[in-house]
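In: Sharing a sequence plus its predicted fold:
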Amino acid sequence: MKNYLIVCNASPFNDGSLKESLDMALIFAAIDQQVSLLLQGDALYALLQGQSIESLEIKNYLKAFGTLSLYDIEHIYVCEHSMKQRGLDITQFAYDIITLDTSEKQALLQQQHQVVTI
């Protein structure tokens, strides 16, 4: 089994990058790979409580974050620096996350067999 880390940087509302990241995570998990997600930058907004994207007239793919554990995707990491830059607090997130400082993020990256950045 290989370790895959999918790094998400894009806002959940700009383009389909974040949805593609979730789809990729589910595909890797379906073929019995160890998958984790790292959200940084504007991608953090996808994890906030009370998201409502119905007004954008797109399918609410953000609900998929709540189902990741069904696919044995147990770790959703968040860049602590990105959180601070955006004035976000861990209590604002709708899901269980693990915050990483810069050195922890580097260590995580080095533990992976494959890192995919979208």
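Out: Received the coordinates, thanks. Numbering: from 1, shown residues only.
In: what element comes up after the helix or strand of the chain with the lowest mean pLDDT heading to the C-terminus?
Out: Between all helices and strands in the chain, the lowest mean by mean pLDDT, DSSP states H and E belongs to helix 17-30, at a mean of 91. Heading C-terminal from helix 17-30, the first helix or strand you meet, by DSSP states H and E, is strand 34-39.
In: That following strand - what's its average pLDDT?
Out: Across strand 34-39, pLDDT averages out at 96.
In: before we move on, back to that, so what touches the least confident helix or strand of the chain?
Out: Outside helix 17-30, the residues that touch it by Cβ atoms under 8 Å, 6 or more residues apart in numbering are 4, 6, 8-12, 35, 37, 43, 46, 61, 64-65, 68, 71-73, 116, 118. Bear in mind the C-beta positions are built from the backbone N, C-alpha and C, glycine included.
In: Inside helices: which ones of the residues you listed?
Out: Using DSSP state H, no member of the contacts of helix 17-30 sits in helices.
In: Just the CA trace of stretch 100-114, in PDB.
Out: C-alpha atoms of stretch 100-114 as PDB (Å, rounded to 0.1, in the frame of the first residue of the first chain):
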ATOM      1  CA  LEU A 100       0.200  21.400  10.700                       C
ATOM      2  CA  ASP A 101       2.800  24.000  11.100                       C
ATOM      3  CA  THR A 102       5.600  24.400   8.500                       C
ATOM      4  CA  SER A 103       7.900  21.700   9.900                       C
ATOM      5  CA  GLU A 104       5.100  19.200  10.400                       C
ATOM      6  CA  LYS A 105       3.900  19.900   6.900                       C
ATOM      7  CA  GLN A 106       7.400  19.200   5.500                       C
ATOM      8  CA  ALA A 107       7.600  15.900   7.600                       C
ATOM      9  CA  LEU A 108       4.200  14.800   6.200                       C
ATOM     10  CA  LEU A 109       5.300  15.500   2.600                       C
ATOM     11  CA  GLN A 110       8.400  13.400   3.100                       C
ATOM     12  CA  GLN A 111       6.400  10.400   4.400                       C
ATOM     13  CA  GLN A 112       4.500  10.100   1.200                       C
ATOM     14  CA  HIS A 113       5.100   7.900  -1.800                       C
ATOM     15  CA  GLN A 114       3.200  10.300  -4.000                       C
END
